[in-house]
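**Q** Need the 3D shape of this:
(chains A and B)
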Amino acid sequence: MKPVVWIPVLIALAVLLAGFGYVGWSKSGPGAGLYSRLWQPDTVFSYWNPKPFYKSVQTVEGLFKGEECIECHESLTPGIVKDWRASKHAKQEKPVYCSSCHGSDHQSLHMPTPDICANCHKAQHDQFLDERRYGFPSHALAMERALDSKHFADKPKAEVASCLQCHSVATKCDSCHTRHRFDAAEARRPEACITCHSGPPHPDDEAYFASAHGKKYLTEGDKWDWSKALVKGNYPAPTCAYCHMRNGKHQVADKAIWKFGLKEINQHKGENVVKRQSWIAVCMDCHKQTESEKWLRNLDLERKRAWQKLYKAEDVLEALRGDGHLSPAAGKRPHYPIEWIDKLWPRARIGLLEGQASAFYNVSKIERDYFEMWYFANLRAYKGAAHGAPKLVDEGHKRMREALKDIKAEAQILDRLGKKEVGMGKPFDPKPLWTTGEYTSKNAEAN
Amino acid sequence: MRIAIGILLATFIAGAASGKELPKGQFTQSQCVECHKQETPGLVIAWRAGPHKKNAGGADCVACHGAQHDDSMTKARRNNACISCHGGEKSAVAKSYFTSKHGVIARLEGANWNWSLPLADANYRTPTCAYCHMYEGEHGMTDKDDTSTSACTGCHAPGYVEKMLEAGKRSLDVGALKLREAEAAISSLKTSVKVSPRHDKILTAMAIKMRQRTLANLRLGLGHQSPDYQWWYGQAALDGDLIRIKARITRLHREKSSKNTSPP
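**A** Have a look, this model is predicted:
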């Protein structure tokens, strides 16, 4: 082969290797994830993400057998011993003792991570990991999702410790199978999901409990046999796990056709057509095919209506950005430390592709209003439509209409003031109001 | 009547002292106190010194325990006894607890628990309102922020409890920084510009809401271990409050400097 061909190939290879090298380097800091070199973990991270952060600080010396652990902890921490005694782990012919999961050397005990559970529960663990291939949204990718987000890298670590409480669903199994009973029956109940799946951006609890399915569960669910598998005929009405973890499969988000409601999705793409068929198959455990298809079509229509409203708001914001009338504009407010390019070329982030998910602080009011419209009102409507709760759909769309109206009115004022100031040659300087303050300055300095 | 009460009290005291059955029948608040001053003086003193008596006179023995002895203990230990006064199921206090893992498990399994057991020694699989706030039957309702951790260590390792409490305090400190930043911005506005009473009132109300509602949500989220109250109703909501206060201040400055007389 001629050298002419080899040179670009070699250059491409060098660039590729350098890229891998850079990512590897940036992941090797004291924190974790893509921006690990930019932050130090809070001590409490050790419990939410044990693999990189947990170091045993036990002073008790010695190697202990399972029975010995129990003997001592029976009086030290009676609650967890009682819990364990009631678990399947304790009732095996060869019980799964404390030491089976935490280790025997008391000075180097570890917090059990999913790979430790996988020593026995391999099938479930394989499924759980397999969920990664479906991309976001995902339980298995949840920790990376948190650590690699801009606001996580930026904000004080004591503050974003809150994020890990839910995002640790990727790094330990007891988010659903609470310790130390690890009961599958408990994890099958809808309430097992609501600690994370509740609140403004994901009111799955409200949506499900307001649906016909949820109402049936609330009335009679306490009498159902929860030891039964999540298969057809075992439950009189579907629950979170029945639909999202059909047949007990741990790829929880393998059918996400609307990707959490955060962006508009082409429903005709091959993979979405396949996922839709899987949804219809779930509904058909009880309903007719035509009915099942109709509900999904109604969901599509709701999404279309939602995105019409959201795009209108985005247009308003983009026009303001274009005219330089965002107040404060990008560059007049703190930027994320990881975005060095923002220093050179400040640019407001509008829409999911531009980093909307972090646009809830260090932004102007109108951007925050749009964030809430997109992340709270829109998702309320989406969760309602997906779970059969028309009340939430109406509420979500009403809030979106109101938000759009407010955003338009605010934009008019910003436009008027901006033009006037330009005319008078007296642009308002948002500094130091927007760039300093006890929280804002501390955060900027820490970075 | 007096004689009847006297006989009743006498049987009550005698019964309790000898470990016999508790007196049957309906009792009024004053009858409860009259007898329990002798029987369980510590409880009465603690209750009288605590906020239930001081700030909410109605939160007395009968309000939580009912008027008779049969189910007086099991009734008062249940979460419902507290929630009915503390804002109901939809209040931030209740929701932050009932969406936590502790609350979820109590809701799912509580019907099968033995509520006659004392509020101690991890007798309940997860803590309830009373288990933490009235640990070992403590009736003073003292603030559990930085006092005893014994309610936690029946299940959790002391190191874990300590780290969680410290992390909670650090997060609350961060939240307080946001509030102080907002309050400082408002006072700095007032020193530089004359603020009309109407705008003064609006800004003051925004700061009060930030302190009394949003910061309180964060505190509840941290105390009750509810991710949503820590984050979306707490920290991220404080960010929103701060932005909205700064935006209003900015508007006032801009309207003024562009000599626009129309109210913002």
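
**Q** so which strand or helix has the residue most central in space within chain B?
**A** Nearest to the mean C-alpha position of chain B, counting by C-alpha atoms, centre = their mean, stands B:V93 at 6.3 Å. Secondary structure assignment for B:V93, by DSSP states H and E: helix B:92-98.

**Q** quick one: contacts of the helix or strand that comes right after that helix?
**A** Going down the chain from helix B:92-98, the next helix or strand is helix B:101-109, by DSSP H and E. With contacts defined as C-beta atoms under 8 Å, 6 or more residues apart in numbering or on different chains, helix B:101-109 is touched by A:178, A:186, A:189, A:191-192, A:194-195, B:79, B:97-98, B:124-128, B:224-225. For every residue, glycine as well, the C-beta is placed using N, CA and C.

**Q** Stretch A:12-31 too?
**A** Contact with stretch A:12-31 is made by A:33-41, A:147, A:153, as judged by C-beta under 8 Å, 6+ apart.

**Q** do the same with stretch A:218-227
**A** A:184-186, A:188-190, A:209, A:234-236, A:239, B:111.

**Q** Equivalent analysis for stretch A:413-425, please.
**A** A:320, A:323-327, A:366, A:427-428, B:251, B:254-255, B:257-258, B:260, B:264.

**Q** again, 7 Å this time
**A** Outside stretch A:413-425, the residues that touch it by C-beta atoms under 7 Å, 6 or more residues apart in numbering or on different chains are A:320, A:323, A:325, A:327, A:366, A:427-428, B:254, B:258.

**Q** before we move on, what about stretch B:237-247?
**A** In contact with stretch B:237-247 (C-beta under 7 Å, 6+ apart) are residues A:360-361, A:363-365, A:368, A:433-434, B:175, B:178, B:181-182, B:185-186, B:203, B:206-207, B:210, B:214-215, B:217-218.

**Q** What about those, which are in helices?
**A** Among those, the members falling in helices are A:365, A:368, B:175, B:178, B:181-182, B:185-186, B:203, B:206-207, B:217-218 (criterion: DSSP state H).

**Q** Quick one: the helices in the stretch 101-250 of chain B, in order.
**A** Applying DSSP state H, counting those that start in this stretch to the stretch 101-250 of chain B gives helices spanning B:101-109, B:129-133, B:158-192, B:197-209, B:216-224, B:227-230, B:236-257.

**Q** can you list the weak-confidence ranges in chain B?
**A** Residues of chain B meeting the criterion pLDDT under 70: B:1-20, B:143-147, B:259-264.

**Q** Just give me the closest of the contacts of stretch A:12-31 to A:C163.
**A** Nearest to A:C163 out of the contacts of stretch A:12-31 is A:L147 (C-beta to C-beta; 8.9 Å).

**Q** which one is the closest one nearest to, not counting chain neighbours?
**A** The shortest distance from A:L147 to any non-neighbouring residue, by C-beta to C-beta, 6 or more residues apart in numbering or on different chains, is to A:G33 (3.1 Å).

**Q** quick one: that neighbour and A:D148 touch, right?
**A** Yes: counting by C-beta atoms under 7 Å, A:D148 is a contact partner of A:G33 at 4.8 Å.

**Q** neighbour count winner among those two?
**A** It is A:G33, of A:G33 and A:D148, that has more neighbours when counted by other C-beta atoms under 10 Å in any protein chain shown, with 21 against 17.

**Q** and that one, what does it touch?
**A** A:27, A:144, A:147-148.

**Q** how about the residues of the stretch 51-200 of chain B that lie near chain A?
**A** With C-beta under 7 Å from any C-beta of the partner chain as the criterion, the stretch 51-200 of chain B comes near chain A at residues B:99-101, B:104-105, B:107-108, B:121-122, B:125, B:153-155, B:157, B:159-160, B:163-164, B:167, B:170-171, B:174, B:177-178, B:180-181, B:184-185.

**Q** Quick check: residues of the stretch 201-350 of chain A near chain B?
**A** Residues of the stretch 201-350 of chain A lying close to chain B by C-beta under 7 Å from any C-beta are A:201, A:327.

**Q** what ranges do the helices span in the stretch 201-350 of chain A?
**A** In the stretch 201-350 of chain A, the helices defined using DSSP H, counting those that start in this stretch lie at A:204-210, A:212-220, A:240-244, A:270-283, A:289-323, A:340-344.
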